[in-house]
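J.: Would you be able to build a 3D model of this:
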Amino acid sequence: MRIGIDCHTVGSKSGGNENYTVNLVRALARIDTQNEYRLYVTRSSSQIAALPSAPNMRVVRLATQGPVTRIPLALPLELWRHPVDVLHVQYISPPFGRTPVVNMVHDLGHIHFPQYFLRREVWRQRVLLPRAIRRAARVLTVSAYCRDQIARTYGVPRERVVVTYPGVGDDFHRVDGDALTPVLSRHGITVPYILSVGNIQPRKNLRGLLDAFAIAKRDHGLPHRLAVVGKAAWLYRDVYARVRELHLEGDVVFTSYVPYGDLPALYSGADALVYPSFFEGFGSPPLEAMHCGTPVVVSNRPAFPEILGDAAMAVNPDDPADIARGIVSVVRDAPVREALIARGVERANRYRWEDTARRTLAVFAEVAS
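T.: Next up, the predicted model:
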């Protein structure tokens, strides 16, 4: 079987979509030595360095420029010259061609929560995504919640939408002592601290987190700093303004993007990860933190109950006082903290990239046949 995978997000520092592609391809390289893979990239050699080197995997660089890198119009020509049996993409598929497509759709945030995104991205998804989903031989997604949303929104049969839960990599483990200190120092973080991981954008609810952090410090004497790990993505200026309004300049550290390899140490050094998003299709940072033995506070919105069960402290993302309550409880209530750590490690161990790869490969085989 010849399998093509669109890897144009690799090297983009885009967070979830990029991490999904890299980890899926690496897991496929570990479990599958029989099928032939063609990995399509559009950027520099940094993309190639992030992808696995295996005899059955070939990196193909597409000659693209400008906005073409977002929807690789060069890809149909490449597929015509060198056909594959199935093509894997995320969200938007090539505008023409006869290759069977397996489309990963992480969530429908642009459709159901347009207020959290740039207008041009909302327009792009509303125009292009319906055709891509209906054209796909199979649609993959990251949770049962998203599967039901996709089937209901676009009227596709539920059996055509397959849940392939993402995994947690083995590199996420507890980091202590000498291995921890240089990472924290490099990013200007001192203990004790509360951690937030994710690009700065409205749906991550960083304003609500800042308000909650201010309450926790004012009303409960919390001595911690807040470390915000993630690049400024879009509609982020009010987050920085809110720090100034709350007079938290000395208590909040913005690291911007950090290398993937630094995350285990950042999770391990934190007293808690707080992730009060307004919505998530899956949400990897809570599971990554759990795998490092760090307790987690999350919003009570989908799909967290499905993914995390009772392994995280659930709070109302619309209520900063409730977020603050969750933070203080996790940091100061030892029995609650210890229970969350134990349940978190067990929960995170359920999600393995090899399992994701096996489920995805089974869909490839079904479509190709």
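J.: where exactly do the helices run in the stretch 51-200 of the chain?
T.: Using DSSP state H, counting those that start in this stretch, the helices found in the stretch 51-200 of the chain span residues 74-81, 109-112, 119-135, 144-154, 181-186.
J.: What helices and strands are in contact with the fourth one?
T.: Right, helix 144-154. Packing partners of helix 144-154 (3 or more Cβ pairs under 8 Å, 6 or more residues apart in numbering; DSSP states H and E): helix 109-112, helix 119-135, strand 138-141, strand 161-163. Where you see a C-beta, it was placed from the backbone N, CA and C, and this is true even at glycine.
J.: follow-up on the earlier one: can you add distance to F213, mean neighbour count and mean pLDDT and give the helices of the stretch 51-200 of the chain back as a markdown table?
T.: As requested, these are exported to a markdown table (distance: least, Cβ to Cβ, whole Å; neighbours: other Cβ atoms under 10 Å; pLDDT from 0 to 100):
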| stretch | distance to F213 | mean neighbour count | mean pLDDT |
| --- | --- | --- | --- |
| helix 74-81 | 44 | 16 | 89 |
| helix 109-112 | 25 | 17 | 94 |
| helix 119-135 | 29 | 15 | 93 |
| helix 144-154 | 28 | 19 | 97 |
| helix 181-186 | 19 | 14 | 96 |
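J.: re the thing from before, out of the helices and strands packed on helix 144-154, which comes closest to P285?
T.: Set against P285 and scored by Cβ to Cβ, those come closest in helix 109-112, at 16.3 Å.
J.: Excluding its own residues, what touches that closest one? List them.
T.: Residues outside helix 109-112 that contact it (Cβ atoms under 8 Å, 6 or more residues apart in numbering): 116-117, 121-122, 124-126, 129, 149, 153, 203, 279, 281.
J.: Just send the residues you listed back as a markdown table, with distance to D170 too.
T.: Formatted as a markdown table, these follow (distance: Cβ to Cβ, whole Å):
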| residue | distance to D170 |
| --- | --- |
| Y116 | 32 |
| F117 | 33 |
| E121 | 33 |
| V122 | 37 |
| R124 | 35 |
| Q125 | 33 |
| R126 | 39 |
| L129 | 33 |
| Q149 | 31 |
| T153 | 35 |
| R203 | 29 |
| F279 | 29 |
| G281 | 23 |
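J.: thinking again about what came up before, just tell me which of the helices and strands packed on helix 144-154 ends up closest to N56.
T.: strand 138-141 (21.4 Å).
J.: any idea of the mean pLDDT in the closest one?
T.: Averaged across strand 138-141, the pLDDT comes to 98.
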